[in-house]
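Q: next input, structure requested:
(one chain, ligands or ions: 2)
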Amino acid sequence: MRNIVLMGPPGAGKGTLATKLREELHLVHISTGDMFREAIKNATDLGKLAKKFLDSGNLVPDDVTVGLVKERLSRDDCKNGFLLDGFPRTLVQAEALDRLTKEINRPIETVINLDCDTNELVRRISGRRVCKNCGAPYHIETMKPKVDGVCDICGGPLFQRPDDNEDALKIRLQHYVTSTKPLLAYYEDKGLLKNFNSLGGIERLFDEVTNFLSSK
Ligand code: ADP
Ligand code: ZN
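A: Ligands and ions are numbered 1, 2, ... in the order given. Okay, the predicted model is just below:
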């Protein structure tokens with residue numbers, strides 16, 4: 001049983017690492033950001049509520065986010081392990097997660113934190129492009145597609161996330177520092193925290209994380 005929380009500032013590589021880990025370890029990948037983006041695309045009630053928060057770089061209210069995760073984590077497919085990506089982001093969410101995982105008897109076993117310096121985060125996010133069809137990530141300088149603006153994998157069009165602009169990014173980084181970063185101490189106190197540096201590139205990070213998980 002592997003129940004993992006993935007933490008780190010926006011741009012640290014949580015989504016990219018999670019995608020590789022879920023394939024390798026057959027875990028259910030729960031990304032609250034992806035869930036909100038999907039709801040926005042489908043124009044559901046949740047999507048209509050969440051859109052203004054995502055576009056501006058602000059956090060969706062805790063009660064909404066906690067409700068969403070509660071429903072998802074309680075489903076049967078999570079019983080063999082899950083990877084939470086982008087949740088919890090506030091102390092209220094972390095405490096709710098503690099209660100919830102107790103209730104359903106699926107305790108968090110490891111919290112993986114990705115460190116990355118702020119200049120690099122800004123560089124990564126401002127150059128990021130994402131495939132509209134399959135979500136594959138690119139970077140205009142360091143991970144260019146073969147043909148400008150076209151996904152190598154599926155041929156879909158690449159676009160910039162609405163919250164990957166300078167103003168929204170500033171707000172996202174502020175929320176990270178004031179609301180999310182303090183959770184590292186919370187998990188450190190519980191003896192669950194393990195830090196990794198994401199500057200060395202995704203392949204190296206993936207090897208380090210999978211080595212650590214298999215040694216546990
Ligand atoms: P990143 O880590 O690159 O900032 P995510 O895809 O994790 O991006 O999140 C995108 C946006 O979705 C956040 O800026 C926020 O508006 C919303 N969101 C995602 N997870 C949460 C959460 N746990 N609590 C509140 N809002 C969230
Ligand atoms: Zn694609």
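Q: what count of nearby residues applies to the nearest residue to F159 once chain neighbours are set aside?
A: Among residues not flanking F159 along the chain, K132 sits closest, at 5.4 Å (Cβ to Cβ, 6 or more residues apart in numbering). Where C-beta positions appear, they are placed from N, C-alpha and C, glycine not excepted. Around K132 sit 13 other residues, with neighbours defined as other Cβ atoms under 10 Å.
Q: try I112
A: Here the number of neighbours of I112 (other Cβ under 10 Å) works out to 25.
Q: same question, K216
A: Neighbour count for K216, taken as other Cβ under 10 Å: 8.
Q: what sits closest to it if chain neighbours are left out?
A: Distances taken as Cβ to Cβ, 6+ apart put T110 closest to K216, at 7.1 Å, once the chain neighbours are dropped.
Q: quick check, pLDDT for that neighbour.
A: In this model, T110 is scored at 97, pLDDT.
Q: phi, psi of it?
A: Dihedral angles of T110 (phi, psi; degrees, to the nearest 10) stand at phi -150, psi 140.
Q: follow-up on the earlier one: pretty sure the residue nearest to F159 sits against G156.
A: Yes. Taking contacts as Cβ atoms under 8 Å, K132 lies within contact range of G156: 5.1 Å.
Q: picking up where we left off before, contact partners for the residue nearest to F159?
A: By Cβ atoms under 8 Å, 6 or more residues apart in numbering, the contact list for K132 reads G156, P157, L158, F159.
Q: again with K14
A: Contact analysis of K14 by Cβ under 8 Å, 6+ apart lists L6, M7, G8, D85, G86, L114.
Q: return the distance of it relative to G155.
A: Per Cβ to Cβ, to the nearest Å, K14 is found 26 Å from G155.
Q: before we move on, the earlier item: phi first, then psi, for the residue nearest to F159.
A: Here is the backbone geometry of K132 (degrees, to the nearest 10): phi -70, psi -30.
Q: wait, a strand at G200?
A: No. Counting by DSSP: H, G, I helix; E, B strand; the rest coil, G200 is not part of a strand but coil.
Q: and it, how many neighbours?
A: Number of residues near G200 (other Cβ under 10 Å) recorded here: 11.
Q: now do the SS call for the residue in the chain positioned nearest to ligand 1.
A: Closest contact between the chain and ligand 1, by Cβ to the nearest ligand atom, is at G33 (1.9 Å). Assigned with three-state DSSP, G33 falls in the helix class.
Q: kindly report the same for S179.
A: Under three-state DSSP, S179 falls in the helix class.
Q: in strands only, show me the contacts of K132.
A: Among these, the ones falling in strands (DSSP state E) are L158, F159.
Q: which helix or which strand is home to N211?
A: In this assignment (DSSP states H and E), N211 forms part of helix 202-215.
Q: quick check on the residue of the chain positioned farthest from its centre: phi, psi?
A: Distance from the centre of the chain peaks at V147, with 27.6 Å (Cα atoms, centre = their mean). When read as degrees, to the nearest 10, the backbone of V147 gives phi -110, psi 130.
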